[in-house]
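Engineer: Take this sequence and fold it.
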Amino acid sequence: MTDESSSDDDEDEIDNNSDSDDLHLPAGQHLLVDIKNVDSSFLNSEKKLATAMVDLITESKLTLLSYHCHSLVPIGVSCIGVLLESHVAFHTWPSEG
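Structural biologist: This is a model prediction of the structure:
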């Protein structure tokens with residue numbers, strides 16, 4: 001003899017979980033952008049790129065959870081921002097502009 005009520009409860013649980021998922025559905029696209037002719041001192045500044053990333057996230061009305069920028073040797077910077085909705089990353093090559 002099987003207990004069919006337990007399978008109904010499982011279905012209800014799935015339905016309840018799906019309601020909460022609607023709060024933060026992916027709403028964007030994956031973009032890969034190459035930008036040329038940018039001042040090399042900007043591209044090599046951890047502080048300026050961190051500010052630009054936070055400003056971009058704020059202006060886009062996204063939710064920043066954490067971020068980290070790291071200066072590279074000999075030049076360049078990589079930044080990553082973890083968002084509630086996804087992530088954003090910058091990688092720079094100042095010698096390329």
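Engineer: switch to C-alpha atoms for all contacts and neighbour counts from now on
Structural biologist: Fine.
Engineer: Can you list the residue ranges for strands in the protein?
Structural biologist: 64-71, 77-83, 87-91 (DSSP state E).
Engineer: Show me where the protein has its helices.
Structural biologist: Using DSSP state H, the helices found in the chain span residues 4-21, 40-43, 46-59.
Engineer: ranking those helices by mean pLDDT, which is last?
Structural biologist: Out of the helices of the chain, helix 4-21 stands lowest, with a mean of 48 (criterion: mean pLDDT).
Engineer: Tell me the bridge partners for the residue nearest to the spatial centre of the chain.
Structural biologist: The central residue of the chain, meaning the one whose C-alpha is nearest the mean C-alpha position (Cα atoms, centre = their mean), is His87 at 1.1 Å. His87 has these beta-bridge partners by DSSP bridges: Val82.
Engineer: returning to that earlier point: dump the strands of the chain to a markdown table, plus distance to Lys36 and mean pLDDT.
Structural biologist: Shown next, in a markdown table, are those (distance: least, Cα to Cα, whole Å; pLDDT from 0 to 100):
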| stretch | distance to Lys36 | mean pLDDT |
| --- | --- | --- |
| strand 64-71 | 20 | 96 |
| strand 77-83 | 16 | 96 |
| strand 87-91 | 13 | 93 |
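Engineer: most neighbours per residue, which of these?
Structural biologist: Most buried of the strands of the chain, by mean neighbour count (mean count of other Cα atoms under 10 Å): strand 77-83, with a mean of 18.
Engineer: Which other helices and strands does that one contact?
Structural biologist: If contacts are counted by 3 or more Cα pairs under 8 Å, 6 or more residues apart in numbering; DSSP states H and E, strand 77-83 sits against helix 46-59, strand 64-71, strand 87-91.
Engineer: Report all helices and strands that the first one contacts.
Structural biologist: It refers to helix 46-59. Packed against helix 46-59, as judged by 3+ Cα pairs under 8 Å, 6+ apart, are the following elements: helix 40-43, strand 64-71, strand 77-83.
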